[in-house]
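1. give me the fold of what follows.
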Amino acid sequence: MPSAFTNTPVSPRSNRSTPRATPPTHTTNAVRRRTRRARATAVGLASVALAAGAVSSLAGSAPSASASAASYPTGAGLVLNAPIVSAAATPTGGGYWLVGADGGVFAFGDAGYHGSVGALHVNSPIVGFTATPDGHGYWEVAADGGVFAFGDAGFYGSAGANTLGSPIAGMARTSDGRGYWLVGADGGVFAFGDAGFHGAATHMSPTSPIVGIAPSSDGAGYWEVAANGSIYAFGDAPFYGTAPISAPAVAVDAAGGGYRVVSRDGGTFAFGGATYRGSLAGLTLNKPIMASSSTGSGYVDVAADGGVFNFGSVGFYGSLGGSTVHTPQAPPAPVAAPASDYGLSSYQIAAWDRVNLCEEGGNWGVNGAVFAGGLGMSRANWAQFNTFGFSGNAAYAAPLQQIRVAVAFATYYYGNSDWAPDQNGCTGGY
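-> Okay, the predicted model is just below:
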């Protein structure tokens, strides 16, 4: 596995002799019903019917002189039902969509609103979003592999009926919009429509989950990125290097024949023909960056609270900055047993307490789409190593229970029950 801090070009494409080819499956009747209802429901969390207020972008291109900053929508006074988890710029760079974990879609600039699953009850949180080539439609994908199509986006199948080895982490479309790929946190790739299967990073990144996928310009290949910044290239997608991130990666974005890796702290790393136009590295953000999207010679980064940061040719047309993300009250956490009951040492507790402070600022109830709990553990790893009967969601487990699962993880992968991530830079993701 390429190291997150090694720039030596090493492509895993030689492993194509043992691909995990997953054939498309027809969506279930339930998904069909939800999709039909979503098409007919012209509501999400909102479609930019937000109160205007003073807004400015922290970085990137200045707004058009024809519109004052006060005319751009903001999230002031708005409570989001769920954090923003994905985004896409329009083909022109004149707008963008923001998407919440509950499926709500927010359209800005020349981005059209074509529907959402925000008003429906979906079985799993939304984790990915991509728009059609002309921008007149888009797809949403849930962690269980369910796909929802809106506008002129065609439905070509989903993984909703499959038994997944890990949650879906993202999606990307083909250049003509007649197909798409889904990628799982374990690196597995599901190809639908005219999307070709070119290999997968399954089992190549056992200690850091895959968090995104981006296609090569002709769609005959793609890149996968892991939370630790490692890149896995397949098909005709060239390998240009891995990202020396200082916070977990959240997305990989194709641009200019190359790719950009974006991390949770707003760091941007451009490879190949991808152009670097600036980043948020070193700035204090209200919420972590969750998504990024390129078009032309610019890109837009989006934070969990809907804050928008534009660079290069992508203009600023409003944001959800200033909004409050609703945090549902968690079920009462199990009463934590004494450390001795879990077989934990004081050293292990102290080590993972440091991880919690660095990763989540002391919050043990983080409930994200891919990572959850106070240690930033992926849902896939929690499901694999929680053999103790604790809550199925790390966010609802007591701190010592979360540490017990983390120790099981460390023992399995590193052969050392006292191992914990190096927190000098708060790097990686696992």
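2. checking Val405 next. Helix, strand or coil?
-> helix (DSSP: H, G, I helix; E, B strand; the rest coil).
3. ok, now which ones touch it?
-> By C-beta atoms under 8 Å, 6 or more residues apart in numbering, the residues touching Val405 are 377, 382, 385-386, 388, 390, 394, 397. For every residue, glycine as well, the C-beta is placed using N, CA and C.
4. can you flag which of the residues you listed belong to strands?
-> Mapping the contacts of Val405 onto strands (DSSP state E) picks out Met377.
5. now for the contacts of Val405: which two are most distant?
-> Farthest-apart pair in the contacts of Val405 is Met377 and Phe388; separation 14.0 Å (C-beta to C-beta).
6. the more surrounded of these two?
-> For the pair Met377 and Phe388, the greater number of neighbours falls to Met377 (25 against 11), based on other C-beta atoms under 10 Å.
7. Gly235: neighbour count?
-> Count around Gly235 with other C-beta under 10 Å applied: 18.
8. ok, the closest residue to it other than its chain neighbours to Gly112 distance?
-> Excluding the flanking residues, the one nearest Gly235 by C-beta to C-beta, 6 or more residues apart in numbering is Gly221, at 2.6 Å. In this view, Gly221 and Gly112 are 30 Å apart by C-beta to C-beta, to the nearest Å.
9. sorry, back to before: filter the contacts of Val405 down to the buried ones, PyMOL style.
-> In PyMOL, this line selects whichever of the contacts of Val405 come out buried by 16 or more other C-beta atoms under 10 Å:
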select buried, resi 377+382+385+386+390+394+397
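10. taking the contacts of Val405 one by one, which sit in helices?
-> Counting by DSSP state H, the contacts of Val405 place 382, 385 in helices.
11. which stretches in the stretch 301-430 of the chain count as strands?
-> 308-312, 324-325, 371-372, 377-378 (DSSP state E, counting those that start in this stretch).
12. ok, and what's touching the second one?
-> Which is strand 324-325. Strand 324-325 is contacted from outside by 78-80, 82-83, 287, 304-305, using C-beta under 8 Å, 6+ apart.
13. in TSV, list the strands of the stretch 301-430 of the chain along with distance to Ala169 and mean pLDDT.
-> Converted to TSV, the strands of the stretch 301-430 of the chain look like this (distance: least, C-beta to C-beta, whole Å; pLDDT from 0 to 100):
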stretch	distance to Ala169	mean pLDDT
strand 308-312	22	96
strand 324-325	20	83
strand 371-372	10	86
strand 377-378	9	86
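14. most tightly surrounded among the ones you listed?
-> Stretch with highest mean neighbour count among the strands of the stretch 301-430 of the chain: strand 377-378 (a mean of 26; mean count of other C-beta atoms under 10 Å).
15. give the other helices and strands that that strand contacts.
-> Counting contacts by 3 or more C-beta pairs under 8 Å, 6 or more residues apart in numbering; DSSP states H and E, strand 377-378 packs against helix 399-414.
16. show me which residues of the helix it packs on are buried.
-> For helix 399-414, a neighbour-count test (16+ other C-beta under 10 Å) marks 399-410 as buried.
17. ends of stretch 161-169, what's the gap?
-> 16 Å (C-alpha to C-alpha, to the nearest Å).
18. could you give the mean pLDDT of it?
-> Rounded to a whole number, the mean pLDDT of stretch 161-169 is 86.
19. what of stretch 343-352?
-> On average, the pLDDT along stretch 343-352 is 88.
20. setting aside sequence neighbours, what's the nearest residue to Gly199?
-> Among residues not flanking Gly199 along the chain, Phe234 sits closest, at 3.8 Å (C-beta to C-beta, 6+ apart).
21. next, that neighbour: phi, psi?
-> Main-chain dihedrals, Phe234, degrees, to the nearest 10: phi -140, psi 160.
22. wait, it touches Gly196, no?
-> No: with contact defined as C-beta atoms under 8 Å, Phe234 does not count as touching Gly196 (9.9 Å).
23. who has more neighbours, these two?
-> Using other C-beta under 10 Å as the criterion, Phe234 and Gly196 rank with Phe234 on top: 26 against 16.
24. would you turn the strands of the stretch 301-430 of the chain into a markdown table with distance to Val189?
-> Below are the strands of the stretch 301-430 of the chain laid out as a markdown table (distance: least, C-beta to C-beta, whole Å):
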| stretch | distance to Val189 |
| --- | --- |
| strand 308-312 | 29 |
| strand 324-325 | 31 |
| strand 371-372 | 21 |
| strand 377-378 | 17 |
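25. Ala350 is nearest to which of these?
-> With C-beta to C-beta as the measure, strand 377-378 is the member of the strands of the stretch 301-430 of the chain nearest Ala350 (17.9 Å).
26. which neighbours in the sheet does that closest one have, and how are they oriented?
-> Strand pairing for strand 377-378, using DSSP bridges, gives strand 371-372 (antiparallel).
27. contact partners of the strand it pairs with?
-> 248, 366, 377-379, 382, 393-395, 429.
28. for the stretch 251-400 of the chain, which spans come out with low pLDDT?
-> Within the stretch 251-400 of the chain, the stretches with pLDDT under 70 are 327-337, 340.
29. and the helices in it?
-> According to DSSP state H, counting those that start in this stretch, the stretch 251-400 of the chain carries its helices in the segments 339-342, 346-360, 379-385, 399-414.
30. turn the ones you listed into JSON lines, including distance to Gly241.
-> Listed next are the helices of the stretch 251-400 of the chain as JSON lines, based on distance: least, C-beta to C-beta, whole Å:
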{"stretch": "helix 339-342", "distance to Gly241": "41"}
{"stretch": "helix 346-360", "distance to Gly241": "25"}
{"stretch": "helix 379-385", "distance to Gly241": "26"}
{"stretch": "helix 399-414", "distance to Gly241": "24"}
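31. wait, which of those helices is closest to Val225?
-> For Val225, the closest of the helices of the stretch 251-400 of the chain is helix 379-385, at 15.5 Å, according to C-beta to C-beta.
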